Structures are given as structure tokens and as C-alpha cells.
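In: structure here, sequence nowhere to be found:
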Ligand code: ZN
């Protein structure tokens, strides 16, 4: 069957400090902060009443395929609850963006000017890329390529070089066979292999029919250490479905393939469900609709704290305790 996955929807990561996170993703990478909110999964019980921020960055609307989200501490008391993570097997080990062809020299200089060490340009599967780490050590890659996603152009990066959304992601599996099967269950097709002597081998998967955010590379490094969760690591990757009907189709298909998939959850900006590849990678499926303009005007996205309805009566208390951030 054709699985109705249309691209990568978002990736969600940990961060150690909300202001450093805003500064890196808006000032350095030139993305737009499209939503300031707190973690929806019952912050009161999980964090003893202390909220955790949930910040979303993307293009003008935070369209699927552009959205990266972070969970930095919300209050001083929560700083210690987020560990220093280590990227390793069982995780999404790098997030990759597309920039227009000919932009890597600009980016190399821009990042270097911001005291960020840059590796490359180098090549993978015939495309040029540079690699660096964010303020917490999270691996980020910029690939030259084509994308039909519009960039955010009110930032510091000139339009001709601005990030166009995701190119894809790298996963470091515990078991490349199992993770490959999970990707195939999602309809992804294997399109190539590359070998790095002494290090590991790469298998590239593509989302058929997607015209952006479509590559998932498995980097098989059996002797590399296991990852641990915390800031500087990706918590999960979410794939996009256009609507709820497609969501149910994917869920039925995954269950038939033997995966245990959660019920659907209302995340206000999209609806989600989750499953785990047996090799440890957290995978989410999320709807394109309704998007980040569901509770804010497009021109005001990210300007003020937005809350799910069940937390609205706690707004004053939350607002008074949240670490101030400046956009
Ligand atoms: Zn998610």
C-alpha cells in the first residue's frame, strides 16, 4: 500500500536554557520563533507544578517540514531536571536543513563569525553539507539542495541563503535492520548506501512523493556508545500526514505490521500519535492541520505565551514563574 506520509513534520529536542535557545535558532540560524508555550503533558504532576517551556521555530508559519521544537527549563527550579544528554545509538543523531545551492560558504562564514566550529563542506549521497553543533551540542547539518518551502525572511539571514526547512534527519540505530523495517513500514524507500571506513555505514531512505524534508539516513555504528537523553539531544522525529483520515490509515497499517501505536493526542497545533521502533527511536505521526495560526494571527506568531485550555486558569501563576525570554 502507499502510506500517506508526506514529509518530516517536526523534530523535538531538549535544551538547557530558553534564552540561549531563542538566540541560537533565531539570531544565528535565522528561523522564526512561531510558538511560546509550555509542555502539554501534564506539567503539574510531572514537574511538581513547575512548567517546562515548549518553544517552536520554523518558517513564517512554522509549516510542517520547518518546525524544530525544544523543551528548555521553564523555571529556575526546573533547570536541574534536564540532564546533559549524549548523542548516541537509539536516537535521532542529527537534524539537517536545506539551504539554497551556493550558500554553504555564506553559512561557513556566518557560523564561524559566531564562534561556532564548522566541519565541511563535505559530501553525502552527492549533496554538499556543513556540520556544526547548537548551543547545547546538538548536531545540526546544512545541505545545499532544492526545496519548495518558503523561508522566514524577516530574520538576519538574507533570503538567498535562508534555511528552507528540513533536508532530513540522521538516525543512529541500535539495530539497523529493525529501524530500517520501521521506516519501510512508514512507506520510506531505501535509495542508497555509503560506507565510511572504520566508522560506520550509511543507508539513505526517502519519503516517496515528498518534495522537501524527505531524507532519513541510518548511520549504522555498532561500536558507538548508546545515547542518553538530555539537552543536546533529539527526543523524537515526527512524520507528517495531511489529515486525520490519513492518520487512521497509517495507524491501522502500523498495527498490522506489528507496531504498538498510541491513541491520538490533541496537541492543539496538530494531532499526534506515537510508536517506538524496537531499536529505540521515538517516532511520532502528526497532522498538518490546524497549524500554529490556530490561536495566534500569522503576524503575531511567537510573541506571547500560549497555553492549552486546561492551563488557562493557571496563566497568571505560570507567567509569573516562567524564566523571561526576549525574542
Ligand atoms: Zn512531537
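Out: Done, it's in. The model shown is predicted, which means the values in this text are computed figures rather than measured ones.
In: tell me the SS of the closest residue to residue 277 other than its chain neighbours?
Out: The shortest distance from residue 277 to any residue that is not its chain neighbour, by C-beta to C-beta, 6 or more residues apart in numbering, is 3.6 Å, and that residue is residue 182. For every residue, glycine as well, the C-beta is placed using N, CA and C. Residue 182 carries the three-state label helix when classified by DSSP: H, G, I helix; E, B strand; the rest coil.
In: I'd say residue 148 and residue 213 touch.
Out: No - because the distance of 10.5 Å does not satisfy C-beta atoms under 8 Å, residue 148 is recorded as not touching residue 213.
In: who's more crowded, those two?
Out: Set residue 148 next to residue 213 and count neighbours by other C-beta atoms under 10 Å: residue 213 wins out with 31 against 9.
In: the more buried one against residue 168, yeah?
Out: Yes - the pair residue 213 / residue 168 is scored as a contact, 6.6 Å apart, by C-beta under 8 Å.
In: let me see the ranges of the helices in the stretch 1-150 of the chain.
Out: When secondary structure is read from DSSP state H, counting those that start in this stretch, the stretch 1-150 of the chain shows helices at 18-22, 43-46, 104-113.
In: comparing the ones you listed by mean pLDDT, which bottoms out?
Out: Comparing these by mean pLDDT, the weakest confidence falls on helix 43-46, with a mean of 50.
In: what's the burial count for the residue nearest to residue 16 when sequence neighbours are not counted?
Out: Nearest residue to residue 16 in three dimensions, chain neighbours excluded: residue 231, at 4.0 Å (C-beta to C-beta, 6+ apart). Around residue 231 there are 23 other residues, counting by other C-beta under 10 Å.
In: list phi and psi for residue 231.
Out: As for residue 231, its main-chain torsions (degrees, to the nearest 10) stand at phi -60, psi 150.
In: beta partners of it?
Out: With DSSP bridges as the criterion, residue 231 is bridged to residue 84.
In: quick one, what contacts it?
Out: By C-beta atoms under 8 Å, 6 or more residues apart in numbering, residue 231 lies in contact with 14, 15, 16, 72, 82, 83, 84, 85, 136, 137, 138.
In: the fourth one touches residue 13, doesn't it?
Out: Read it as residue 72. No - between residue 72 and residue 13 no contact is recorded; they are 9.6 Å apart, counting by C-beta under 8 Å.
In: and those two? which has more neighbours close in?
Out: Remark: of residue 72 and residue 13, residue 72 carries more neighbours, 25 against 22, as counted by other C-beta under 10 Å.
In: mind checking pLDDT for the residue nearest to residue 16?
Out: The score at residue 231 is 96. That number is its pLDDT.
In: now do stretch 233-252: distance from first to last residue.
Out: In terms of C-alpha to C-alpha, to the nearest Å, the two terminal residues of stretch 233-252 are separated by 30 Å.
In: buried set for that stretch?
Out: 233-241, 246-247, 249-251 (16 or more other C-beta atoms under 10 Å).
In: cool, and stretch 159-175?
Out: By neighbour count on 16+ other C-beta under 10 Å, the buried set for stretch 159-175 is 161-175.
In: any residue of it touching the ion?
Out: No - taking C-beta under 5 Å from the ion as the criterion, stretch 159-175 and the ion are apart, separated by no less than 13.0 Å.
In: in the stretch 101-250 of the chain, what residue is nearest the ion?
Out: Residue nearest to the ion within the stretch 101-250 of the chain: residue 238 (4.5 Å; C-beta to the ion).
In: from residue 9, how far off is the residue of the stretch 51-200 of the chain found nearest the ion?
Out: When scored by C-beta to the ion, the stretch 51-200 of the chain has residue 69 as its residue closest to the ion, at 6.5 Å. To residue 9, residue 69 is 10 Å away according to C-beta to C-beta, to the nearest Å.
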